[in-house]
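>>> okay, predicted coordinates and the sequence, questions at the end:
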Amino acid sequence: MDRILQALSLQVTGARDLESLTRPLLEMLETVTGLESTYLTEIDLGHDTQHIRFARNAAALQIPEGGSVAWGDALCRRALDEGRFYTEDVASCWGDSQAARALGIRTYLSCPVQTPSGSLYGTLCAASAEQKPLTAGSDHLIAFFARLIAEQVEREQLLQQLQQANHELSRQALSDPLTGLPNRRALMHELNRLFSLAERVEHPLLLGFIDLDGFKAINDTHGHDTGDLLLQRVAGALSTVLRGSDLLARVGGDEFVAVGMGPQCGEETREAAVQGFQRRLFEASLVQLEVPAGLLHYPGASVGVVAIDPASSTVDEALRLADACMYEVKRQRRRPS
């Protein structure tokens, strides 16, 4: 027993995850109990299924790792319901279990794996195809091992919850809650990545700055709900005319930035690519909204597009150029025809 405890101490302190903890525990459990198959299960009550996560088989009895059994047919279900966790004659106790009969389980020992917070994760089990007595201390040892596993399960569940929470916080920090588009922070991060990539492959980028002309007047006249609807409608329309590899972000109250790959050698000219990108973005911004007074025809945004060589421009410089181009378009639109 001292040798087992020494090995246990090493395994527990060195375990990185549930598997690296459980596998040596299964080996030690087999040594102490003399039952040739030891295994850890996970119970999925939502799907009425018990899954065998990890299994060790030292003789003819084979508990299939990765296998599943209907929870209603499981020995563990019967053991939990009756509070009986050992029998050397499965057939006489639970002869109605088809899974046990098919596997040839005769002796069975188990312990529920219940996390410190009280949730039932699964069961830790040992089994044999032969009739074997319960060795001294086996019941205490399997209960101790089950507690160790339960604590590891809860640590991993907590870690997963923290990772999910961090992911959600990151998603919220990098997205605009109204339109669902990436925000300025996400845009800058992605532009830096795109500039690095485009520079390595010597590929120009198209950068479009989009400003919703008259947005303040729409808010003042029709209310902020209509203004929000306009932003959502334009964001959706812009997204539909962009390629899957393009990027669209909302960078201010009524401003968007679109990024696309420019033409390669042998394709259309840069001027044609700029004009085509600008035309698609402008036409997409021509949306209609239903307002109490009738149908609002939005006359389109001011769109400035530039082609950028990432090797000769920084992200900030590129955005300033696109912004300046947009303001030039805005000035031209304001001139009397």
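Cool, the structure landed. These numbers come from a predicted model, not from an experiment.

>>> can you show me the helices along this protein?
Applying DSSP state H to the chain gives helices spanning 2-14, 18-33, 75-82, 90-94, 98-103, 138-173, 184-200, 215-222, 224-240, 270-284, 315-334.

>>> does A127 touch Y108 like I think?
Yes: in this structure, A127 is within contact of Y108 by Cβ atoms under 8 Å, at 5.1 Å. All C-beta spots, glycine's among them, are computed from the backbone N, C-alpha and C.

>>> break this structure down into its structural domains.
Using automatic domain parsing, the domains assigned to the chain come out as 2-161, 184-334.

>>> tell me which of those sits nearest to R171.
domain 184-334 (9.4 Å; Cβ to Cβ).

>>> how far is that closest one from where the chain is centred?
29 Å (Cα atoms, centre = their mean, to the nearest Å).

>>> could you do stretch 74-88 as well?
For stretch 74-88, the distance to the chain centre is 36 Å (Cα atoms, centre = their mean).

>>> who touches that stretch?
By Cβ atoms under 8 Å, 6 or more residues apart in numbering, the residues outside stretch 74-88 that reach it are 41, 43, 50, 71, 90, 93-94, 97, 99-100, 105-112, 122-123, 125, 131-134, 139.

>>> about what we covered before: can you list the helices of the chain in CSV and add distance to I63?
Below are the helices of the chain laid out as CSV (distance: least, Cβ to Cβ, whole Å):
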stretch, distance to I63
helix 2-14, 21
helix 18-33, 10
helix 75-82, 11
helix 90-94, 13
helix 98-103, 7
helix 138-173, 15
helix 184-200, 48
helix 215-222, 66
helix 224-240, 51
helix 270-284, 59
helix 315-334, 57
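
>>> could you dump the ones you listed to JSON lines with mean neighbour count and mean pLDDT?
Shown next, in JSON lines, are the helices of the chain (neighbours: other Cβ atoms under 10 Å; pLDDT from 0 to 100):
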{"stretch": "helix 2-14", "mean neighbour count": "12", "mean pLDDT": "60"}
{"stretch": "helix 18-33", "mean neighbour count": "19", "mean pLDDT": "93"}
{"stretch": "helix 75-82", "mean neighbour count": "18", "mean pLDDT": "96"}
{"stretch": "helix 90-94", "mean neighbour count": "16", "mean pLDDT": "95"}
{"stretch": "helix 98-103", "mean neighbour count": "15", "mean pLDDT": "94"}
{"stretch": "helix 138-173", "mean neighbour count": "15", "mean pLDDT": "83"}
{"stretch": "helix 184-200", "mean neighbour count": "16", "mean pLDDT": "82"}
{"stretch": "helix 215-222", "mean neighbour count": "15", "mean pLDDT": "90"}
{"stretch": "helix 224-240", "mean neighbour count": "17", "mean pLDDT": "94"}
{"stretch": "helix 270-284", "mean neighbour count": "18", "mean pLDDT": "94"}
{"stretch": "helix 315-334", "mean neighbour count": "16", "mean pLDDT": "93"}
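
>>> ok, which of these comes nearest G300?
Taking those one by one with Cβ to Cβ, helix 270-284 is closest: 5.4 Å.

>>> got the angle between that closest one and helix 224-240?
140 degrees (axes from the mean of the first three to the mean of the last three Cα atoms, to 10 degrees).

>>> ok, and what's touching helix 270-284?
204, 206, 208, 210, 234, 237-238, 240-242, 258, 260, 262-263, 267-268, 300-301, 303-307.

>>> which of those fall in strands?
Of the positions in the contacts of helix 270-284, L206, G208, I210, A258, G260, V303, G304, V305, V306, A307 sit in strands, assigned by DSSP state E.

>>> quick one: these as a markdown table, columns for distance to R78, neighbour count and pLDDT too.
Shown next, in a markdown table, are the ones in strands among the contacts of helix 270-284 (distance: Cβ to Cβ, whole Å; neighbours: other Cβ atoms under 10 Å; pLDDT from 0 to 100):
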| residue | distance to R78 | neighbour count | pLDDT |
| --- | --- | --- | --- |
| L206 | 67 | 23 | 92 |
| G208 | 66 | 26 | 96 |
| I210 | 66 | 28 | 97 |
| A258 | 62 | 25 | 95 |
| G260 | 62 | 22 | 87 |
| V303 | 70 | 26 | 97 |
| G304 | 72 | 22 | 97 |
| V305 | 70 | 26 | 96 |
| V306 | 72 | 25 | 95 |
| A307 | 72 | 19 | 93 |
